[in-house]
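1. got a sequence here, can you model it:
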Amino acid sequence: MIRIFTAILFLLNFGAHNVSAQQDAGVWVQVEARPSLREAQERAQAYASVLPDVNGFRLNSGWYAIVIGPYLRSDAEQVLRVYRAEGQIPADSYIAFSNSLDQQFWPIGANILNRSLVTPPVESTPQPDPIVSGLTPVPADETRAQALQSERLLTAQERRDLQTALQAAGFYNSTIDGAFGQGTRRSMGDWQRFNGFESTGVLTTSQRKALMDDYYAPLISVGMERYSDSQAGIDLDLPLGVIGFDRYEAPFAHFKSKADLDAQALLISQEGDKATLRALYEVMQSLEIVPLDGPRELRDNRFTLEGRGNGIVSYTQAALDDGQIKGFTLVWPEGDEDRQARVLAAIKASFATNSSVLDAGAGADAEQKIDLISGLQIRKPRLSRSGFFTDTSGTILTVSEATDSCTRITLNDDQEVQVAWADADLGIAVLRPRRSLAPINIAEFSDSKPRIQSEVAVSGFSYQGALGAPTLTYGQITDVRGLNGEDGVKRLALAAQPGDAGGPVFDDAGQVVGMLLPTPSDGRTLPASVSLAATAERLNTVLEKAGVTAQPGQPGSEISPNELSRRANGMTVLVHCWD
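-> You can find the predicted model right below:
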């Protein structure tokens, strides 16, 4: 789940801390974390409606955590036990410390990181005495002295593994150093108490085995094994029980799902430099297997990409070293984040490279499609329509269906825009770029009334960008009113495609006399040669409401088709609506 993934991010960046100082400052029960502020605020509000002492903070990882507290450590553990037993908080909630928390976002306007501790909402009840209560304690296989003696035989790596397992289980929040100090002993005691053992702070041989079995269980369930790829020059642990090698298509070695668990992986291997690394960073973000929702970072010689959406969670990392770029991508189904986090951690820890690099021609004979990159599906927008520039800062007119219910709106795939104004009655939207653009051409609006039977042309992306440039479709004005006689709309004898909607309608002098509207959505089916367009007068009114002054056209004579095409290409844009 999201919070487990975030917990691991938090733990990896936690570093060495003074545990006793953390206790004095109070601790928190972290119940959840979300990648976006909006989601985290909604979840914090939901928890706060049923639980006291709910707060929200930004984590050092960039995610947003919902926590309860601050309490004394003993009180926090009692809150954790009671709330988990009652089902008030998720089973994988855990103890967190103030130095992992950044700016507070909930309650709005609050700042309580340094406030005094609060009284827990549940009574701190001692653990029952097994003899008095009649319960049968779990028999110990070793005395504490025997457990200490067997513990001394552990190697340094085995000691670090135990700390790692305690950390993954949510009981240990300090440095993985193999030194069993006060913090580790307390974590061991917490684990023993939580699992029904006597809390001695020293794990017996069988308890150490149980802890490590739990730690390795997620990896065993997916068949984690060492994998060496001599062609890619990469060695690492992979979940080969659920994925298997499929093919090479440079710069990737593809691994596809071979089980009900819909997981996949890529090994990344190519020669290159910093420019190649940056290009790969951009390309990866255009793929379906890297959803848009998630943190991403590009540094001087490495990058990471995390994504969540459309039923998957995805992680990619790549690094440049000595002219070679090596890395991997892991794609996992949503809802199985416990295992995903463990598998990802194992892959990261085991990743190693050698001097070999994948041949740039590997997979050159594979199936080629315009919407595939090295065998991977490019992310596609939900809808694409046309639009056109109306001023020198890049304000665009388009149709509302290109902007409705979109999480993101872009021009030609990359320039992000936002809705500045919308006319719901006519279905027109004004878009404003998030950063100023410099259009080659802008619309010049005709101030004369078009005449019936006059020639017009629509510039639009008829096939929603498949051709890479707008096309001109010619026709005539057949009526200066809409189908029901309404003003602001005119009827055209013109066979348009859905992608043309939002494109400018030109007269023979190259001036804009309207904008093509989409096919009516009220159940009517128009003849293929009938289209509707908003009038220039109505478009000017909409632009005025958006604070844009339209450029008036100057009287002129008929222009050539080539000149019209030049003007249209510099003015018409492709508008993408993304889920």
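
2. scan the protein for its longest helix.
-> The helix spanning the most residues in the chain, taking DSSP state H as the definition, is helix 205-221.

3. contacts for it?
-> Helix 205-221 is contacted from outside by 141-142, 147, 150-151, 161-162, 164-166, 168-169, 191-192, 195, 197, 203, 239, 241, 338-339, 342-343, 346, using Cβ atoms under 8 Å, 6 or more residues apart in numbering. Every residue, glycine included, has its C-beta placed from N, CA and C.

4. so what touches whichever helix or strand comes after that helix?
-> Following the chain from helix 205-221 toward its C-terminal end, the next helix or strand by DSSP states H and E is strand 224-229. With Cβ under 8 Å, 6+ apart as the contact definition, strand 224-229 has outside contacts at 234-241, 253, 267, 269, 343, 346, 350.

5. tell me which two of the residues you listed sit farthest apart.
-> 241 and 269 (23.5 Å; Cβ to Cβ).

6. neighbour count winner among those two?
-> Shown here are residue 241 and residue 269; by other Cβ atoms under 10 Å, residue 269 has more neighbours (27 against 16).

7. which of the helices or strands spans the more buried one?
-> Going by DSSP H and E, residue 269 is in strand 264-271.

8. specify the angle between the very next helix or strand once past that strand and strand 264-271 in degrees.
-> Using DSSP H and E, the helix or strand that follows strand 264-271 in sequence is helix 274-284. Per axes from the mean of the first three to the mean of the last three Cα atoms, to 10 degrees, the angle that helix 274-284 makes with strand 264-271 is 160 degrees.

9. need the CA coordinates for helix 274-284. CSV is fine.
-> Extracted C-alpha coordinates of helix 274-284, given in CSV (Å, rounded to 0.1, in the frame of the first residue of the first chain):
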residue,chain,number,x,y,z
LYS,A,274,24.4,13.3,-20.1
ALA,A,275,22.3,14.4,-23.1
THR,A,276,21.4,10.7,-23.7
LEU,A,277,20.5,10.3,-20.1
ARG,A,278,18.2,13.4,-20.2
ALA,A,279,16.6,12.1,-23.4
LEU,A,280,15.9,8.8,-21.8
TYR,A,281,14.4,10.6,-18.8
GLU,A,282,12.0,12.4,-21.1
VAL,A,283,11.2,9.3,-23.2
MET,A,284,10.4,7.2,-20.1
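
10. surely residue 389 meets residue 395?
-> Yes - in this structure residue 389 lies within contact range of residue 395 using Cβ atoms under 8 Å: 7.1 Å.

11. of the contacts of helix 205-221, buried ones?
-> Buried members of those, scored by 16 or more other Cβ atoms under 10 Å, are 142, 147, 151, 161-162, 164-166, 168-169, 191-192, 197, 203, 239, 241, 339, 342-343, 346.

12. thinking again about what came up before, quick one, the strand holding residue 269 and strand 224-229 angle?
-> Going by the same axes, to 10 degrees, strand 264-271 makes 30 degrees with strand 224-229.

13. who does strand 264-271 touch, helix- and strand-wise?
-> strand 234-239, strand 252-257, helix 274-284, strand 312-321, strand 324-333 (3 or more Cβ pairs under 8 Å, 6 or more residues apart in numbering; DSSP states H and E).

14. many thanks, I have nothing further to ask.
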